[in-house]
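In: generate a structure from the sequence data that follows.
(chains A and B)
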Protein chains: 2
Amino acid sequence: MCELLAMSANVPTDIVFSFTGLVERGGVTGPHVDGWGITFYEGKGCRTFKDAKPSCESEVASLIKSYPIKSCTVISHIRQANRGRVCLENTHPFTRVLWGRYWSYAHNGQLSGYKPKLKTDIYLPVGNTDSEMAFCWLMERLQQKYPKRPSNIKSAFRYAVKQADQLRELGVFNMMLSDGDYILVYCSNNLSWITRRAPFGKAQLIDTDMVVDFHQETTPNDVVTVIATRPLTDNEDWHVMKPGQWCVFRHGELIDQGG
Amino acid sequence: MCELLAMSANVPTDIVFSFTGLVERGGVTGPHVDGWGITFYEGKGCRTFKDAKPSCESEVASLIKSYPIKSCTVISHIRQANRGRVCLENTHPFTRVLWGRYWSYAHNGQLSGYKPKLKTDIYLPVGNTDSEMAFCWLMERLQQKYPKRPSNIKSAFRYAVKQADQLRELGVFNMMLSDGDYILVYCSNNLSWITRRAPFGKAQLIDTDMVVDFHQETTPNDVVTVIATRPLTDNEDWHVMKPGQWCVFRHGELIDQGG
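Out: You can find the predicted model right below:
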């Protein structure tokens, strides 16, 4: 299984702490050794770092751990290949442009019998994973339903959830999807989240011997939500999502949910 | 004016030497201080590093200089803003998917009166530069002309050149365009290239005190073409392109040209 990680915050925040826990799962405490990737938004732009090497051995991953890029919206993924070979074009997050925004996406799970059902005309996959094919299909469904960005963006995310429900019928489909402003997370079987706000405490990573005192790192107005396949810390209360549940976050706050 | 740099090679080659010369122009020997970006292809995948900071001050640029990512196809750009503010979404190279491949593009120059002429429906810009708008228009023209990748890819590049001729009527349009396998370079007023092959010699960068002995760095079968706004070395013979001239390179070799 792959590991997903996302962050939504109301001020640019570095994700070094959570990412450090995640990369340990890429070959040290977990079996996720087939590449990893992370996308940081900065305004309407985004930057993605990816590697087909295990994250615990990757020089680019070391850069991320030591170079605190601050962002309000981050999506990350560590891959254990099941569909599609191990190569750069098969590593998540995947990005496409819809309505003049970069949309990024990462998937955890595995689909079956999907090829005839997920054919697309405009949004074409580059690699050969079920994940990217599902993303392209989702983008094309959104583009067909809303040729222009709808003024009520919540309705677009609710439409995306309906498509995700269909994808979940094809197998396991835990997903993170963002346009840089909003993050939709959709749970098929494993997804948890936590919102941190004042008064901030200390957090202890499960996967490595690291403690962060968020009180030292934040201001009283910061709101930071972290979403991950499994809780990353063992001294905080995470919301463990149920199959079919979904949440939309913006600026660290939960703004819509269902399922 | 911005600086363009591309490399086409028949074996994965690092671009550290040429990139080192280029980043000096980003605030040390040149006035190009409004961000920079570089795209490396690796199979069908690609990775892009970008920064809205001057390249000579950028930590990510330092990484590229010290971390020799090897690739057969690279496109790079240092920006001096004329159209569009200085921000991540306005930094080149830009990337879009066409025919299931990542296409990357960088532009040097400035267009006028382009907004009504370059409107698109599917390939939409994210930022607000003339460059990205021209790229989206070019992608959409190619997609409309060839809904599927043509078996004769040279014809697609020749069609792209015809579109570039139209863009050049709107101003200065030096361009680099690649699908990871081929690189099309189109000259409006400033573009030079050189193909290095055995017997390799030494090269002296113009912009910084650095000499590389390619004989030490290469094998006798290597073929490496470098394309840049202006020659990067002062002891080699570069082909200086004329307005309207274009070249297509693959695996380091010139495979088509005209203009």
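In: which residues does whichever residue of the stretch 101-250 of chain A sits closest to chain B contact?
Out: For the stretch 101-250 of chain A and chain B, the shortest gap (CB to the nearest CB) falls at residue A:124, measuring 4.3 Å. No exception for glycine: its C-beta is placed from N, CA and C like everyone else's. The contact partners of residue A:124, taken as CB atoms under 8 Å, 6 or more residues apart in numbering or on different chains, are A:136, B:97, B:99, B:100.
In: in JSON lines: those, plus secondary structure.
Out: Shown next, in JSON lines, are those (DSSP: H, G, I helix; E, B strand; the rest coil):
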{"residue": "A:136", "secondary structure": "helix"}
{"residue": "B:97", "secondary structure": "strand"}
{"residue": "B:99", "secondary structure": "coil"}
{"residue": "B:100", "secondary structure": "coil"}
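In: pull the most distant pair out of those.
Out: A:136 and B:99 (13.0 Å; CB to CB).
In: more neighbours: which of the two?
Out: residue A:136 (24 against 17; other CB atoms under 10 Å in any protein chain shown).
In: any idea how far residue B:69 is from that one?
Out: Between residue A:136 and residue B:69 the distance is 27 Å, computed by CB to CB, to the nearest Å.
In: tell me the secondary structure at residue A:123.
Out: Assignment for residue A:123 (three-state DSSP): coil.
In: can you list the buried residues in the helix or strand residue A:226 falls within?
Out: Taking DSSP states H and E as the definition, residue A:226 sits inside strand A:223-228. Of all the residues in strand A:223-228, those buried under the rule 16 or more other CB atoms under 10 Å in any protein chain shown are A:223, A:224, A:225, A:226, A:227, A:228.
In: could you do stretch A:4-11 as well?
Out: A:4, A:5, A:6, A:7, A:8, A:9, A:10.
In: pipe those residues into JSON lines and attach secondary structure and distance to chain B per row.
Out: Supplementary listing: those in JSON lines, determined by DSSP: H, G, I helix; E, B strand; the rest coil; distance: CB to the nearest CB, whole Å:
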{"residue": "A:4", "secondary structure": "strand", "distance to chain B": "20"}
{"residue": "A:5", "secondary structure": "strand", "distance to chain B": "19"}
{"residue": "A:6", "secondary structure": "strand", "distance to chain B": "19"}
{"residue": "A:7", "secondary structure": "strand", "distance to chain B": "17"}
{"residue": "A:8", "secondary structure": "strand", "distance to chain B": "18"}
{"residue": "A:9", "secondary structure": "strand", "distance to chain B": "17"}
{"residue": "A:10", "secondary structure": "strand", "distance to chain B": "19"}
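In: what about residue A:61, how many residues close to it?
Out: Around residue A:61 there are 25 residues (other CB under 10 Å).
In: looks to me like it is in a strand.
Out: No - going by three-state DSSP, the assignment for residue A:61 is helix, not a strand.
In: against residue B:244, how distant is it?
Out: For residue A:61, the distance to residue B:244 (CB to CB) stands at 45 Å.
In: repeat that for residue A:118.
Out: Distance of residue A:118 to residue B:244, computed by CB to CB: 43 Å.
In: so the two - more neighbours on which side?
Out: Between residue A:118 and residue B:244, residue A:118 has the larger neighbour count (other CB under 10 Å), namely 22 against 15.
In: I figured that one hits residue A:137, correct?
Out: Yes - counting by CB atoms under 8 Å, residue A:118 does reach residue A:137; the two are 4.2 Å apart.
In: test my guess that residue A:223 contacts residue A:252.
Out: Yes - using CB under 8 Å, residue A:223 is in contact with residue A:252, at 3.4 Å.
In: now for the residue nearest to residue A:239 when sequence neighbours are not counted: which residues touch it?
Out: Leaving aside its sequence neighbours, residue A:239 sits nearest to residue A:193 (CB to CB, 6 or more residues apart in numbering or on different chains; 5.2 Å). The contact partners of residue A:193, by CB under 8 Å, 6+ apart, come to A:185, A:225, A:226, A:227, A:228, A:238, A:239, A:241, A:247, A:249.
In: helices along the stretch 51-200 of chain A, start to end?
Out: Counting by DSSP state H, counting those that start in this stretch, the stretch 51-200 of chain A has helices at residues A:59-66, A:130-145, A:153-168.
In: who wins for proximity to residue B:179 among these?
Out: For residue B:179, the closest of those is helix A:130-145, at 17.3 Å, according to CB to CB.
In: name the residues that touch the closest one?
Out: A:83-84, A:90, A:92, A:94, A:96, A:98, A:103, A:105-107, A:110-111, A:114-115, A:117-126, A:156, A:159-160, A:163-164, A:167, A:171, A:173, A:177.
In: just the buried positions in it, please.
Out: A:130-143.
In: now the buried members of the contacts of helix A:130-145.
Out: The neighbour-count criterion (16+ other CB under 10 Å) marks A:83-84, A:90, A:92, A:94, A:96, A:98, A:103, A:105-107, A:110-111, A:114, A:118, A:120, A:122-126, A:156, A:159-160, A:163-164, A:167, A:171, A:173, A:177 among these as buried.
In: hey, what's the residue lying closest to residue A:175 once chain neighbours are set aside bridged with?
Out: Nearest non-adjacent residue to residue A:175, counting by CB to CB, 6+ apart: residue A:186, 4.4 Å away. When assigned by DSSP bridges, residue A:186 has beta-bridge partners residue A:175, residue A:246.
In: my guess is residue A:186 meets residue A:173, correct?
Out: Yes - look at residue A:186 against residue A:173 with CB under 8 Å: they come within range, at 6.9 Å.
In: what's the overlap in contacts for the two?
Out: Overlap of the contact sets of residue A:186 and residue A:173 (by CB under 8 Å, 6+ apart) consists of residue A:164.
In: and the stretch 51-200 of chain A, which residues reach chain B?
Out: Residues of the stretch 51-200 of chain A lying near chain B by CB under 8 Å from any CB of the partner chain: A:52, A:59-60, A:63, A:67, A:87-91, A:96-97, A:99-102, A:121-127.
In: any low-confidence regions in the stretch 101-250 of chain A?
Out: The model of the stretch 101-250 of chain A has pLDDT under 70 over residues A:209-210.
In: perfect, I'm done here.
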